[in-house]
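Asker: what shape does this take:
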Amino acid sequence: MAKKIKLTRPELKRQRDALARFERYLPMLKLKQQQLQLTIRQVTLAWRKATAALDQAKQAFDPYRIVLKDTAGVNVRELSAPAEVRTDTDNIAGVNIPIFVSVDFPTATYSLFATPPWVDRALADMRKITACRVECDILRRQRDLLQAELTKMIQRVNLFEKVKIPEAREAIRLIRIRLGDEMTAAVGRAKIAKAKLTSTEHVSEDSTGTTEPTAQEATP
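Answerer: Presented below is the predicted three-dimensional model:
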């Protein structure tokens, strides 16, 4: 084992307590890992949908690209830049992630009569591109945060499952063997000591015991 352990009864209790703790935590870690994996799949699906919506918005805007210079002084790109991005926060499996809410744009003030009729539509399409891009970015941040937490969770699961629990079980096995050997040796020593004591008592009785001659044996 990587760390040398004491082959004693207190250490046996400590290893048993550690094993019980590891085996109690492991299912919770695995559950959190599964929850993170499920959430990442959901976020990835949402990101793909948002990306598809972004591509569609770009395609819808493409016809206006060649006429962007002819907007009668209306800065479509500036008006389609976000003035504020509204987000919320949610907690998924202990991870705080941003949630996309909406995008606020600057107020568009221009003359409807002095600008080409397509400006309104081009501005709406470009703002949609911006909103889709912001949503994609936030979903990507969600996925990155969740993926980082999942990586740590997988490392913890592997640590408990492949290192800590096997080490504790092996330590318990080694300590039990040592304590069993010590008990066997103690029993053997006790039997030897008892045998020696019994033998000593027998020898003492034989050396001190005498028999009185009978009357017939005493008569010449």
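
Asker: now find how far off-centre the host helix or strand of residue 103 is within its chain.
Answerer: Secondary structure assignment for residue 103, by DSSP states H and E: strand 95-104. Between the centre of strand 95-104 and the centre of its chain there are 25 Å (Cα atoms, centre = their mean, to the nearest Å).

Asker: can you pull up the most central residue in the chain?
Answerer: residue 153 (2.0 Å; Cα atoms, centre = their mean).

Asker: got a list of what residue 196 touches?
Answerer: The contact partners of residue 196, by Cβ atoms under 8 Å, 6 or more residues apart in numbering, come to none. C-beta here means a position set from N, CA and C on the backbone, and glycine is covered the same way.

Asker: number the chain from 38, please
Answerer: I'll keep to 38 as the first residue from here, and by that count the last item is residue 233.

Asker: how far away is it from residue 227?
Answerer: Residue 233 sits 11 Å away from residue 227, going by Cβ to Cβ, to the nearest Å.

Asker: with residue 185 instead?
Answerer: For residue 185, the distance to residue 227 - Cβ to Cβ - is 61 Å.

Asker: please apply the same query to residue 92.
Answerer: Residue 92 is 85 Å from residue 227, by Cβ to Cβ.

Asker: where does this structure dip in pLDDT?
Answerer: For the chain, residues meeting the criterion pLDDT under 70 lie at 38-40, 104-110, 148-151, 225, 238-257.

Asker: so which residues of it form strands?
Answerer: 121-129, 132-141 (DSSP state E).

Asker: who does the last one touch, helix- and strand-wise?
Answerer: Which is strand 132-141. Applying 3 or more Cβ pairs under 8 Å, 6 or more residues apart in numbering; DSSP states H and E, we find strand 132-141 packed against strand 121-129, helix 155-196.
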